[in-house]
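> can you look at this prediction? I've put the sequence above it.
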Amino acid sequence: MKTILVQPYGYCFGVRRAQRIALEAAKTEPVYCLGSLVHNELAIRELAAQGVRTIQENGPDLAPLLELAPKGSLILFSAHGHDKALESQAHDLGLRYLDATCPYVQANIEFGLRWKGSIAYIGTKGHAEAEAFCRNVHPLAFFDAKSGELVYAHEGSLQGVIAQTTLDTEDIDLGLKAIEEKYGPVRLLAGRCPATEQRQAAVEAALQVADCLIVLGSKTSSNSRRLLTLAKKKGKAGYLVLDLAELRRLDLSSFSTVALCSGASTSNEEVERCYAYLSSDSTRP
Ligand code: SF4
């Protein structure tokens, strides 16, 4: 069996940056992250071992999590973005905060705020990034990439659309079509980040030759799930596995070429461990 290692792989720029901010602060005191800093159980465990604790989200609203942070403690807003109003609420509760919002996520929010006129959003309902965008920008319409439906579309006129950074082009096109049917011609102002664009393009290229795609990532990771759907859309076999232990359980004996890729919240080391396993004889019966 031949194995293609799809590049780039491992943590994206935004995840690396968020981890750096968290770990630097955790050298001197515990850091409490509101929701998952990284959508990956292995990474969360490693962060916890170094003093970055997760106050686990229970739904899209981060406000109740503020109450769970110890008084006077240092909290961290994750790379996914957050409702800006939470910053003053944190201050009122006697908390200090660090902001690890990815600059690409922040750029989309700022684009939405600067846009003169109404705006629509294409994203995954309930995802932290989509939630942060909506709470800051208040779009007139929301197309949910998961259900494939406009989940709300208030009356009015709009010309601008922004999409979540981790979607694929097909979902964005579906969203644009649904929005244009209701509001007329619109312009996509901002959307996928470079990390998402590069990974999706590289996976599509690998699928030209591979008959199976293995995505290393968590089931909670939106960008990992999107990579998996690229295989399904091409009628190829695809698996989403968290780590080498899960990979070892797959029966890959019927495939001639396997493409190995990773979501943006998977460590380089885990990808390299899995690549070494796939490239060895141990996958053969
Ligand atoms: S996937 Fe893109 S937007 Fe999200 S954290 Fe990584 S670089 Fe930032």
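The structure has been received and is ready for your questions. Residues are numbered from 1 along each chain as shown.
> what residues does the stretch 1-150 of the chain put near the ligand?
Counting by CB under 6 Å from any ligand atom, the residues of the stretch 1-150 of the chain close to the ligand are C12, F13, G14, V15, A79, C102, Y104, V105. Where you see a C-beta, it was placed from the backbone N, CA and C, and this is true even at glycine.
> please identify, among the residues you listed, the one with the most neighbours.
For these, the largest neighbour count, defined by other CB atoms under 10 Å, is 32 neighbours, found at A79.
> E204 and L230 touch, don't they?
Yes. Judged on CB atoms under 8 Å, E204 makes contact with L230 at a distance of 6.1 Å.
> tell me how many other residues surround S279.
Neighbour tally, S279, other CB under 10 Å: 14.
> dihedrals phi and psi, it?
Here is the backbone geometry of S279 (degrees, to the nearest 10): phi -80, psi -10.
> what about the residue nearest to it when sequence neighbours are not counted, which SS state?
Leaving aside its chain neighbours, S279 sits nearest to T3 (5.3 Å; criterion: CB to CB, 6 or more residues apart in numbering). In three-state terms, and counting by DSSP: H, G, I helix; E, B strand; the rest coil, T3 is strand.
> contacting residues around T3?
Neighbour list for T3: T257, V258, A259, L260, Y275, L278, S279 [criterion: CB atoms under 8 Å, 6 or more residues apart in numbering].
> columns distance to the ligand, pLDDT and secondary structure on top of those, output as a markdown table?
Shown next, in a markdown table, are the contacts of T3 (distance: CB to the nearest ligand atom, whole Å; pLDDT from 0 to 100; DSSP: H, G, I helix; E, B strand; the rest coil):
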| residue | distance to the ligand | pLDDT | secondary structure |
| --- | --- | --- | --- |
| T257 | 27 | 96 | strand |
| V258 | 24 | 97 | strand |
| A259 | 20 | 97 | strand |
| L260 | 19 | 98 | strand |
| Y275 | 21 | 97 | helix |
| L278 | 24 | 96 | helix |
| S279 | 27 | 93 | helix |
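> closest to E197 among those residues?
When the contacts of T3 are compared for distance to E197 (CB to CB), A259 wins out at 17.6 Å.
> quick one: contacts for that closest one?
T3, I4, V6, V203, A206, L207, V209, A210, C212, L213, I214.
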